[in-house]
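A.B. asks: I need the structure of the sequence given here:
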Amino acid sequence: MQTSSSKKCPCLGFKLREVASVYFTMVAVFLVILVVALQGSAPRGTYFPYKVPLDPQGLLELSWNVSYPEQAVYFQILSRELKFGLLFGMSDRGEFENADLAVLWSDGHSSYFGDAWSDAKGHLHMDSQQDYQLLGAQSAAEGLYILFRRAFSTCDPKDYLIEDGTVHLIYGILEQPVRSLQAINISAIHRGLQRVQLLKPNITIPELPSDMKTMEITAPGVVIPSQETTYWCYMAELPDGFAKHHIVMYEPVITAGNEALVHHMEVFQCAAELDSIPPYNGPCDAKMKPEQLNYCRHVLAAWAMGAQAFYYPEEAGLAFGGPGSSRYLRLEVHYHNPLVFKGRRDSSGIRLYYTGSLRRYDAGIMELGLVYTPVMAVPPGETAFVLTGYCTDKCTQRALPAAGIRIFASQLHTHLAGRKVVTVLARDGRERQVVNADGHYSPHFQEIRMLKELVAVFPGDELITACTYNTEDRTKVTVGGFGIMEEMCVNYVHYYPQTQLELCKSAVDPGYLHRYFSLVNRFNDEEVCTCPQVSVPQQFSSIPWNAFNRDVLKSLYGFAPISMHCNKSTAVRFPVRTASPPRADVAGDVAAPRGPKAGSWSCPGNPGTSSTQSPVPQPPARWVRSGGFN
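C.D. replies: Numbers count the residues shown, from 1 in each chain. Alright, predicted model coming up:
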């Protein structure tokens, strides 16, 4: 569940709500007799353009659409083998405790539907305010369709606030009849989670060129390993003499039957300096993989479960091929196989749509955030430790054209401890716009996301990226770096026109970190050498993490000078080095990631978005509506 003190709602008082709970429970009973047609076809998919399997077996399939005028999401669940009901809902990070749930259950004679919530012990309670509105149910050859609606914001403290960014969806399947909602033991049922971006932006699909061609970068009949998590790498090669083209669109190619196993995919282009790369088709972490694979990091395409086709703006395209561009591409597929299926073959990948008729602008990709360095570290046992990286005004002043650039998409990235990420645009020392924010970020769900509107960045602007980390389960310090147990804080922004600026990131000045080590060692009477031959990770590891040492480190990261990395694509730096961090009010503004239009939310369900996506059409007449939930 999620509530926010910054989003005030003119709601009922708490005591009055408890009285209402008794009334609803005793009188309304939340009884819904599901009048199900025995014949008929499934609702047309055009009503629900977004689709994702909920469980690894594909027994539950979720489709949805977003109505920005109504500030609501319409959900459709297809249950292929419904027995005695299901649970569906949302929680902060996919837990079944403190969750917001819609529950359908049967006692063997009658069927019931209600808006419920779970407490800290996982016990279910009927919500006094019914915000999951059941619209209908229908039987079809493939199973039972259930249609319901939920507003983004409900003013109910028991409800999840649906925002931009990642949403952790949870589900459960009831395999035995239950006499009441309270009789459901969520710890004893088949359950799981799925991550999606529910609030898709309202993007107009640009017209595609008439001379467009396609290229599929797909796995060559891989036998998916019988283990929960696998990252599979496959090397592909562009044809000899492949001229410069623009990628204008790409979409996933998923092998039928593996929709629930292919979690996400990326296509990378290798460094142009590599003359040749040996063929490879195997696990990305195999010790015998060619070393050159480590130099294939330039992202051409990225897809994650639930995402649709990705379109470039009609005035720009991503260049590949031609002089100065590598012929070698690396496909990386993440297989998520929690049920450990054996013998599944897969040829999934990404289909690129490209044209030789070059568009006006080359699109570029720029890295924002923190440099991959151990000087940026997170102490163990932290619930919400914030690290902030800066692309300063001095860098943008030197590197950006006078007309500026336009950011149209963004991919946020941390490793396993990341919990929230936000990038804001600041101008003249004031926060002007949120570029991208994810308050429920998961490192297991990373995708390139189109922005709802272009973000214009001009010379002298600042781009500030803050990442929030949780290290409660760690006993040792977490330093910045490339390892999975190390950390990153990055926003890969997609923009046009392409410039020489490829990396605009920062880290605290190492000299000030050296002073920190000296200070805390003296304070704690530690005999630890801080001379150059002792590495930064070793010095961090020697620190006893008491409240003083933690607070001083937080203060250091907030106010010490920063070392700027303002790099060209050739890795040569623009002449920008050390700088003072932006004023504390700007840095403080981004320390706690928020929604896209912070402070503009009102109740009920008005998150202040300017999007004009068409409202969801009314359900077809064949849906059987149920009363009592309006």
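A.B. asks: Ranking helices and strands of this protein by mean pLDDT, which lands last?
C.D. replies: The weakest-scoring helix or strand in the chain, judged by mean pLDDT, DSSP states H and E, is helix 14-23 (a mean of 38).
A.B. asks: low-scoring stretches of the stretch 1-150 of the chain, by residue?
C.D. replies: 1-46 (pLDDT under 70).
A.B. asks: swap in the stretch 201-350 of the chain?
C.D. replies: 306.
A.B. asks: ok, the next helix or strand after the least confident helix or strand of the chain: who's next to it in the sheet?
C.D. replies: Remark: after helix 14-23, the chain's next helix or strand is strand 50-53, criterion DSSP states H and E. Partner strands for strand 50-53, per DSSP bridges, with pairing direction: strand 60-67 (antiparallel).
A.B. asks: which other residues reach the strand it pairs with?
C.D. replies: For strand 60-67, contacts defined as C-beta atoms under 8 Å, 6 or more residues apart in numbering pick out 45, 47-54, 72-80, 86, 88, 169, 171, 173, 194, 196, 198-200, 613-616. C-beta here means a position set from N, CA and C on the backbone, and glycine is covered the same way.
A.B. asks: Give me the buried subset of these.
C.D. replies: Among these, those classed as buried by 16 or more other C-beta atoms under 10 Å are 47-48, 50-54, 72-79, 86, 88, 169, 171, 173, 194, 196, 198-200, 613, 616.
A.B. asks: Extract the C-alpha set from stretch 220-239 and format it as PDB.
C.D. replies: Extracted in PDB, the C-alpha atoms of stretch 220-239 (Å, rounded to 0.1, in the frame of the first residue of the first chain):
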ATOM      1  CA  PRO A 220      19.000 -19.400 -32.300                       C
ATOM      2  CA  GLY A 221      16.700 -22.000 -30.800                       C
ATOM      3  CA  VAL A 222      18.100 -21.700 -27.300                       C
ATOM      4  CA  VAL A 223      17.200 -24.500 -24.800                       C
ATOM      5  CA  ILE A 224      16.200 -22.400 -21.800                       C
ATOM      6  CA  PRO A 225      18.200 -23.600 -18.800                       C
ATOM      7  CA  SER A 226      16.200 -25.300 -16.000                       C
ATOM      8  CA  GLN A 227      17.100 -22.700 -13.400                       C
ATOM      9  CA  GLU A 228      15.200 -19.600 -12.100                       C
ATOM     10  CA  THR A 229      17.400 -16.900 -13.700                       C
ATOM     11  CA  THR A 230      19.500 -16.900 -16.800                       C
ATOM     12  CA  TYR A 231      21.000 -14.100 -18.900                       C
ATOM     13  CA  TRP A 232      21.700 -15.500 -22.300                       C
ATOM     14  CA  CYS A 233      24.000 -13.800 -24.800                       C
ATOM     15  CA  TYR A 234      24.100 -14.300 -28.600                       C
ATOM     16  CA  MET A 235      26.400 -12.500 -31.000                       C
ATOM     17  CA  ALA A 236      25.000 -11.300 -34.300                       C
ATOM     18  CA  GLU A 237      26.700  -9.500 -37.200                       C
ATOM     19  CA  LEU A 238      25.600  -6.900 -39.700                       C
ATOM     20  CA  PRO A 239      26.100  -7.600 -43.400                       C
END
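A.B. asks: Helices of this protein, residue ranges please.
C.D. replies: Applying DSSP state H to the chain gives helices spanning 14-23, 393-399, 510-523, 536-541, 547-559, 584-591.
A.B. asks: pLDDT of the longest one, averaged?
C.D. replies: For helix 510-523, the mean per-residue pLDDT is 86.
A.B. asks: What spatial separation is found between the most centrally placed residue in the chain and residue 422?
C.D. replies: In the chain, the residue lying closest to the centroid (C-alpha atoms, centre = their mean) is residue 166, at 4.4 Å. Distance of residue 166 to residue 422, given as C-beta to C-beta, to the nearest Å: 13 Å.
A.B. asks: Need the overlap of contacts for these two.
C.D. replies: residue 438.
A.B. asks: and residue 177, how many neighbours?
C.D. replies: Look at residue 177: counted by other C-beta atoms under 10 Å, it has 14 neighbours.
A.B. asks: let me fix that: residue 269
C.D. replies: 21.
A.B. asks: same thing with residue 174?
C.D. replies: 20.
A.B. asks: and the nearest residue to residue 245 once chain neighbours are set aside, what does it touch?
C.D. replies: Nearest non-adjacent residue to residue 245, counting by C-beta to C-beta, 6 or more residues apart in numbering: residue 354, 4.4 Å away. Residue 354 sits next to 212, 213, 214, 215, 245, 246, 247, 248, 317, 320 when contact means C-beta under 8 Å, 6+ apart.
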